[in-house]
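K.L.:
Quick one: sequence and predicted model below, then my questions.
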Amino acid sequence: MKNLLYIGNKLHKHGFNKTAIETLGVFLSDEGHTISYTSDKKNQVIRLFDMIITAFLKARKVDYILIDTYSTSSFWYAFFCSQIARLFKVKYIPILHGGDLPNRLKNNPFLCKLIFKNAYVNVAPSNYLLEKFKEKGFKNMLFIPNSIQLKAYEFKKRDHIMPKLLWVRAFAKIYNPKMAVEVIRLVKHKYPKATLTMVGPDKDGSLLTTEKFAESLNLEVNFTGKLSIVQWTNLASEYDVFINTTHFDNTPISVLEAMALGLPVVTTNVGGIPYMLTNHKNALLVNDNQPLEMTNAIEDLLNNPEKVKYITSNAKLLVETMDWQVVKLKWNELLV
C-alpha cells in the first residue's frame, strides 16, 4: 500500500456536492492506502495557497500525488501543484475531470504540456478525454472510469412511468438548470400533472435565477437544495425520469447513480456523455439547449414502456462495469 497526497476541492462540509477527492479518496483509503488531503478551504485563493504549501511539505513523504484536474479556475491548482511535484521528482497523476479540458489544451498548449507531458500518467475517466488528449500527442494516458459503490443503490423496475421528472446537480450556468424548467413547461402542455424536482446546492447564483425563472412562468417546481446521497436516492424512488441538461460534462456521477437506481436517463449529448452512453440503448440523448427535443424524448418514454425496460436494463449493465469493485482493480494496478 502507498502513501498518497490527494489534491482537489474538498468542499462538502461547506455545502457543496462531493467531488472525486471525497469519493475516490475514501475508496482508495478503504483499500489500505494512506492519504493526506488538500484542500478544504472555501476561499479559492486561500485554497490555492493551502494546496501549494501542503504540496511543498508533503512531496518528499509520499509515493504519488493525485491531482483532480478541471478546466476552469481550478486548472491553476493542477498547474502549480504539478510543478512542485516535478521539483521534488515525485510521481504525480492528474485525474481529468473538466469536460472543457479539450479547449484548455487548445488555448494553453504550453501550460498543458508542462502539466500533462511530465505526469507519471494522466487518468481519463472518459473515452472522450482519452481521445482528445491522444489527439494532442499525449501518450501517457490511462482510462479509469468514475465509479460508484453499486451496492449502495437499489435498482427499481419501472414498468409504467409517469411524467415525474428529477434533476440532480449543482446549480451552475454550465449545467443549464433553466433548461429543466423549460422542459417541464413543455411537458405540462400534454401532461398537466407533470412534476419536476431539482436537487442540488447553489454554485454561482443559478439557484435563485432558476427559481425566479420558474416563478415568471407560473410553474411549480420543487427545489430541495442540497441533499445527501442517501436522501436524494431515497427521493428518487418517487420519480420516473432523470433529466440532465448540462452544457459541458465528462462522466457525471449523478447520471451513473440514476442508472443504478433504475431511472431512465434523458441527457444532452455534450462532452464525454456520447462516449459513455448510446442513444436509444441505455439512455436518450438530445442536443444541447434544446428543451423541445428533451420533451419529445420524455414523451417517447412515456408512450413506450418496453423502451423504458430496454433502456434501464442496458443502463444497469453499463453501470455494473463502473462499480468500485471492478474499477478498483485498475487503481490498485496503477498504484504499485
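P.N.:
Right, received. Where do you want to start?
K.L.:
So what's the residue count around residue 132?
P.N.:
Other residues within reach of residue 132, judged by other Cβ atoms under 10 Å, total 21. C-betas here are computed from N, CA, C, even on glycine.
K.L.:
so where does it fall, helix or strand?
P.N.:
Assigned by DSSP states H and E, residue 132 belongs to helix 127-135.
K.L.:
Equivalent analysis for residue 294, please.
P.N.:
helix 291-302.
K.L.:
residue ranges of the strands in the stretch 201-336 of the chain, please?
P.N.:
Along the stretch 201-336 of the chain, counting by DSSP state E, counting those that start in this stretch, strands occupy 222-225, 241-244, 265-268, 284-286.
K.L.:
Quickly compare these and say which is most buried.
P.N.:
strand 241-244 (a mean of 28; mean count of other Cβ atoms under 10 Å).
K.L.:
Please parse this structure into its domains.
P.N.:
3-145+324-334, 150-320 (automatic domain parsing).
K.L.:
Using TSV, lay out the ones you listed together with mean pLDDT.
P.N.:
Shown next, in TSV, are the domains of the chain (pLDDT from 0 to 100):
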stretch	mean pLDDT
domain 3-145+324-334	95
domain 150-320	96
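K.L.:
Need phi/psi at residue 162.
P.N.:
The phi/psi pair for residue 162 (degrees, to the nearest 10) reads phi -120, psi 160.
K.L.:
ignore the last one, residue 5
P.N.:
Phi and psi for residue 5, reported as degrees, to the nearest 10, are phi -110, psi 120.
K.L.:
and the angle from the helix or strand where residue 181 lies to helix 291-302?
P.N.:
Residue 181 is located in helix 177-190, with elements delineated by DSSP H and E. Calculated by axes from the mean of the first three to the mean of the last three Cα atoms, to 10 degrees, helix 177-190 forms an angle of 50 degrees with helix 291-302.
K.L.:
neighbours around the nearest residue to residue 41 once chain neighbours are set aside, how many?
P.N.:
Excluding the flanking residues, the one nearest residue 41 by Cβ to Cβ, 6 or more residues apart in numbering is residue 47, at 4.1 Å. Neighbourhood size, residue 47 [other Cβ under 10 Å]: 20.
K.L.:
list the contacts for residue 47?
P.N.:
Residues in contact with residue 47 (Cβ atoms under 8 Å, 6 or more residues apart in numbering) are 9, 39, 41, 77.
K.L.:
what about the residue nearest to residue 307 when sequence neighbours are not counted, distance to residue 241?
P.N.:
Spatial nearest neighbour of residue 307, chain neighbours left out: residue 301 (6.3 Å); criterion: Cβ to Cβ, 6+ apart. Residue 301 sits 6 Å away from residue 241, taking Cβ to Cβ, to the nearest Å as the criterion.
K.L.:
Then residue 1?
P.N.:
Counting by Cβ to Cβ, the gap from residue 1 to residue 241 is 43 Å.
K.L.:
Likewise for residue 54?
P.N.:
In terms of Cβ to Cβ, residue 54 sits 43 Å off from residue 241.
K.L.:
what's the answer for residue 34, then?
P.N.:
Distance from residue 34 to residue 241, by Cβ to Cβ: 43 Å.
K.L.:
ditto for residue 175
P.N.:
To residue 241, residue 175 is 17 Å away according to Cβ to Cβ.
K.L.:
same deal with residue 278?
P.N.:
Distance, residue 278 to residue 241, by Cβ to Cβ: 18 Å.
K.L.:
ranges for the helices of the stretch 151-300 of the chain?
P.N.:
Taking DSSP state H, counting those that start in this stretch as the test, the helices found in the stretch 151-300 of the chain are 177-190, 206-216, 229-236, 253-260, 273-276, 291-302.
K.L.:
mind putting those helices in a markdown table, mean neighbour count and distance to residue 138 included?
P.N.:
Output for the helices of the stretch 151-300 of the chain, formatted as a markdown table (neighbours: other Cβ atoms under 10 Å; distance: least, Cβ to Cβ, whole Å):
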| stretch | mean neighbour count | distance to residue 138 |
| --- | --- | --- |
| helix 177-190 | 21 | 33 |
| helix 206-216 | 16 | 33 |
| helix 229-236 | 16 | 33 |
| helix 253-260 | 24 | 25 |
| helix 273-276 | 20 | 17 |
| helix 291-302 | 20 | 34 |
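K.L.:
Which one of these lies nearest to residue 111?
P.N.:
Closest approach to residue 111 among the helices of the stretch 151-300 of the chain is made by helix 273-276 (25.0 Å; Cβ to Cβ).
K.L.:
what's next to that closest one, contact-wise?
P.N.:
The contact list for helix 273-276, computed with Cβ under 8 Å, 6+ apart, reads 126-128, 131, 244, 246, 249, 251-252, 255, 267, 285, 318.
K.L.:
Looking at those residues, which is nearest residue 18?
P.N.:
Of the contacts of helix 273-276, the one sitting nearest to residue 18 (Cβ to Cβ) turns out to be residue 252, at 13.0 Å.
K.L.:
Next up, the contacts around the closest one.
P.N.:
For residue 252, the contacting residues are 169, 244, 246, 273, by Cβ under 8 Å, 6+ apart.
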